[in-house]
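K.L.:
Model the following, please.
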Amino acid sequence: MSSQSKDIAMTDQTTTAAPSDQPPAQEQIKPLESDLRTHLELLSKAVELSEPRFTYRVLRCLTATKKRFQSNDGKSENALRSIIENGLASSSKIKCLLLPLLQSNQDSSASTAMQIDPLAPVLNSKIATAQATAKALKESPPLPDPSSQPEHETYLALLVLIWLIARGTSNQAAFELSRRLVIDFLPHHNRRSLDPLAAKIWFHHSRLAELLEQSGSCPGLWAGLRSSLMSAYRTARLRRDEDSEATLLNLIIRNLLGHELWEQADRLVSKTEFPDFGKTEASVGAGGMVPTGQVARWLYYLGRIRTIQLNYTEAHTHLQQAIRRAPPPQIAPGFWQSTHKLFVVVELLMGDIPDRALFRGPVLKKCLQPYFEIVQAVRVGDITKFELALHAHSSRFLADSTYTLILRLRHNVIKTALRTISLAYSRIKLRDVSLKLKLDSEEDAEYVVAKAIRDGVIEARLDRIGGWMVSKEVNDIYSTSEPQEAFHQRISFCLKLHNESVKAMRFPLNAHRKELASAEAARERERELASEILTGDSPDGDDDADLGDAF
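P.N.:
Below you'll find the predicted structure:
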């Protein structure tokens, strides 16, 4: 039996058993349409009051809207078509561009519904549909008058882009739509209320080019987009468009890193400044209008660049901040996983062992399993176990772009094994060291031990005449300045977090005027009281006189 027949049979059984439980189609369409009406109303309010927070409130709902589009059942398509037809003026060029992309499924859905449920009472269905429609329209805000506001047109075009990407089979059509928007529409509207929406259009335009190039249908498309991104970035910089500036800068760096142009990416980072009021990397995102997601991406890309440059301390700091600023794992699981994969490798390269609880998270447990095996091998200093894990999961590491970084960990495994040997033996033959470390010869063991002693990995000395490694007595760590440095690092982090929190606070508009009014009223009362005391008209004057007589 085909899947359609199974669906029909299941629907017949459900309808026969409880016909009132099946919601009408119109009732399922209207909640999405009602939300889109609310979004258009918020955009109009943002333009009218020149308050961008209403636009950001709409953009925060894009994740939930995208999940509705992924159902691919025709309801989201009908809701989009209804909003575009009723919300935009007939003279809008964007309206003429969007409607052909939405292929209506209303006729096929209606015929399928008749085949599925031929015994349902037609009258009851019409009454239920009418009641659901009336209720939804009553609860939803009124649709703005058909207009050609650039904010409405851009937002609806963005929704169509997301809908096409969610379908997964219309990336070429979505790319052509985004290309028309960034070339023919956005350059002609220099409006600050349009900046957050324009940044989203550019993001999806670059993402579509990346998907088309990776699929092999359009080779070189993503690389050829780099010049357009640079031109748009310069324009955003001149216009003080912080949203587009941050988004485009991240897109350019992603483009360079995707083509392994590490030196160009490093030069771009050194010559540019992330758009924010905090002018240092340590205070990125503290007080600007840049979305937190773009700040997290910027820090992640900085961490990748610093890792390639062997600057593991800065890379660890940037990745740690990116994890703190990233959205919750339920909203952005892909970014969460990619950041933690690189974070684990950087911690290992620094000589630290990640916390075991990190590998138990529901979002990270499966994707970090290969890295957990690497961590176990590095922790115990087992070179054989490390090579087996590297060989077993090499394809995963290549896909994550961490294979070359993990190859560097072989030296860390050797250092860990040497540290264990130096603590266990006060004196050991270099021949035995080469056997334990799986080295080729005693001479290789001598070179490895000498380098470990020079780097401060172990406290020992070499006896080349006798072929011994002699361990020194381990000093007490509390007699050094290391605990003081650790406390200083923690206190500095707390102070930095406090300063960034203060910079990120929002204060009500014109709140100081109320304080000025109350202060002015208090001063007026003081002047009246002083004048009454001078003229002797105070109602408490007799009481004061009696009090003086009493003393």
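
K.L.:
Model confidence for the nearest residue to Pro150 once chain neighbours are set aside, exactly?
P.N.:
Spatial nearest neighbour of Pro150, excluding adjacent residues (CB to CB, 6 or more residues apart in numbering): His189 at 4.5 Å. Backbone N, C-alpha and C define where each C-beta goes, glycine included. For His189, the pLDDT comes out at 83.

K.L.:
And for the one 4 residues further on?
P.N.:
Reading off the per-residue confidence, Ser193 sits at a pLDDT of 85.

K.L.:
do Gly548 as well
P.N.:
44.

K.L.:
And for Gln489?
P.N.:
Listed pLDDT for Gln489 reads 92.

K.L.:
which SS class is it?
P.N.:
Assigned state for Gln489: helix (three-state reduction, DSSP: H, G, I helix; E, B strand; the rest coil).

K.L.:
Now do the contacts for it.
P.N.:
Contacts for Gln489 (CB atoms under 8 Å, 6 or more residues apart in numbering) come out as none.

K.L.:
any idea how far it is from Glu482?
P.N.:
11 Å (CB to CB, to the nearest Å).

K.L.:
Low-confidence ranges, the stretch 201-350 of the chain, go.
P.N.:
Within the stretch 201-350 of the chain, the segments meeting pLDDT under 70 span 276-289.

K.L.:
how about the strands in the stretch 301-450 of the chain?
P.N.:
427-429 (DSSP state E, counting those that start in this stretch).

K.L.:
hmm, back to that, I'd like to know how many residues surround the residue nearest to Pro150.
P.N.:
Other residues near His189 number 13, with proximity taken as other CB atoms under 10 Å.

K.L.:
ditto for Lys93
P.N.:
Number of residues near Lys93 (other CB under 10 Å) recorded here: 13.

K.L.:
give the contact list for Ala332.
P.N.:
Ala332 sits next to Gly293, Ala326 when contact means CB under 8 Å, 6+ apart.

K.L.:
Would you agree the residue nearest to Pro150 is in contact with Glu151?
P.N.:
No: using CB atoms under 8 Å, His189 is not in contact with Glu151, being 9.1 Å away.

K.L.:
Give me the helices and strands touching whichever strand or helix holds Ala199, please.
P.N.:
Per DSSP states H and E, Ala199 falls inside helix 195-215. Contacts defined by 3 or more CB pairs under 8 Å, 6 or more residues apart in numbering; DSSP states H and E place helix 195-215 against helix 53-59, helix 150-167, helix 171-180, helix 221-224, helix 226-238, helix 242-258.

K.L.:
Could you dump these into JSON lines and include distance to Leu497 and mean neighbour count?
P.N.:
Converted to JSON lines, those look like this (distance: least, CB to CB, whole Å; neighbours: other CB atoms under 10 Å):
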{"stretch": "helix 53-59", "distance to Leu497": "23", "mean neighbour count": "18"}
{"stretch": "helix 150-167", "distance to Leu497": "34", "mean neighbour count": "23"}
{"stretch": "helix 171-180", "distance to Leu497": "38", "mean neighbour count": "19"}
{"stretch": "helix 221-224", "distance to Leu497": "37", "mean neighbour count": "16"}
{"stretch": "helix 226-238", "distance to Leu497": "29", "mean neighbour count": "16"}
{"stretch": "helix 242-258", "distance to Leu497": "22", "mean neighbour count": "24"}
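
K.L.:
Just put these in JSON lines and tack on distance to Val345.
P.N.:
As requested, the helices and strands packed on helix 195-215 are arranged in JSON lines below (distance: least, CB to CB, whole Å):
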{"stretch": "helix 53-59", "distance to Val345": "33"}
{"stretch": "helix 150-167", "distance to Val345": "31"}
{"stretch": "helix 171-180", "distance to Val345": "32"}
{"stretch": "helix 221-224", "distance to Val345": "26"}
{"stretch": "helix 226-238", "distance to Val345": "28"}
{"stretch": "helix 242-258", "distance to Val345": "16"}
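
K.L.:
Of the ones you listed, which is nearest Leu462?
P.N.:
Nearest to Leu462, of all those, is helix 242-258, at 42.3 Å by CB to CB.

K.L.:
Tell me the helices and strands packed up against the closest one.
P.N.:
For helix 242-258, the contact count by 3+ CB pairs under 8 Å, 6+ apart identifies helix 195-215, helix 221-224, helix 226-238, helix 262-271, helix 292-308 as packing neighbours.

K.L.:
can you redo those as JSON lines with distance to Ala424?
P.N.:
Compiled in JSON lines, the helices and strands packed on helix 242-258 are given as follows (distance: least, CB to CB, whole Å):
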{"stretch": "helix 195-215", "distance to Ala424": "50"}
{"stretch": "helix 221-224", "distance to Ala424": "53"}
{"stretch": "helix 226-238", "distance to Ala424": "55"}
{"stretch": "helix 262-271", "distance to Ala424": "41"}
{"stretch": "helix 292-308", "distance to Ala424": "32"}
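
K.L.:
now for the ones you listed, which one comes closest to Lys429?
P.N.:
Across these, the minimum distance to Lys429, taken as CB to CB, is reached by helix 292-308, at 37.3 Å.

K.L.:
can you tell me how far Val58 sits from Ala504?
P.N.:
Counting by CB to CB - Val58 and Ala504 are separated by 21 Å.

K.L.:
do the same with Ile83
P.N.:
Relative to Ala504, and taking CB to CB, Ile83 is found at 34 Å.

K.L.:
Between the two, which is the more surrounded one?
P.N.:
Neighbours per residue (other CB under 10 Å) separate Ile83 from Ala504, with Ile83 holding more: 22 against 14.

K.L.:
give me the element that one is part of.
P.N.:
Using DSSP H and E, Ile83 sits in helix 75-87.

K.L.:
And for the next helix or strand after that helix, what's in contact with it?
P.N.:
Next helix or strand after helix 75-87 toward the C-terminus (DSSP H and E): helix 93-98. With contact meaning CB under 8 Å, 6+ apart, helix 93-98 is reached by Ile84, Glu85, Leu88, Ala89, Glu153, Thr154, Leu156, Ala157, Val160, Leu177, Arg180, Phe185.

K.L.:
closest to Pro327 among these?
P.N.:
Distance to Pro327 across these (CB to CB) is lowest for Thr154, with 23.0 Å.

K.L.:
and that closest one, what does it touch?
P.N.:
Thr154 touches Ile94, Leu181, Phe185, Leu186, Leu194, Leu197, Ala198, Ile201, counting by CB under 8 Å, 6+ apart.

K.L.:
okay, those in JSON lines with distance to Leu36 next?
P.N.:
Converted to JSON lines, these look like this (distance: CB to CB, whole Å):
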{"residue": "Ile94", "distance to Leu36": "15"}
{"residue": "Leu181", "distance to Leu36": "19"}
{"residue": "Phe185", "distance to Leu36": "20"}
{"residue": "Leu186", "distance to Leu36": "21"}
{"residue": "Leu194", "distance to Leu36": "18"}
{"residue": "Leu197", "distance to Leu36": "14"}
{"residue": "Ala198", "distance to Leu36": "19"}
{"residue": "Ile201", "distance to Leu36": "17"}
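
K.L.:
Could you take those residues and lay them out as TSV, with extra columns for neighbour count and distance to Lys66?
P.N.:
Putting the contacts of Thr154 into TSV (neighbours: other CB atoms under 10 Å; distance: CB to CB, whole Å) gives the following:
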residue	neighbour count	distance to Lys66
Ile94	22	20
Leu181	23	18
Phe185	19	22
Leu186	21	21
Leu194	25	21
Leu197	24	15
Ala198	26	19
Ile201	23	15
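
K.L.:
The helix holding Ala199: which residues count as buried?
P.N.:
For helix 195-215, the neighbour count (16 or more other CB atoms under 10 Å) marks 195-213 as buried.

K.L.:
try stretch 322-333
P.N.:
Neighbour counts using 16+ other CB under 10 Å place Ala322, Ile323, Arg325, Ala326, Pro329, Ala332 of stretch 322-333 among the buried residues.

K.L.:
which phi and psi does Met469 have?
P.N.:
Note on Met469: its backbone torsions stand at phi -110, psi 110 [degrees, to the nearest 10].
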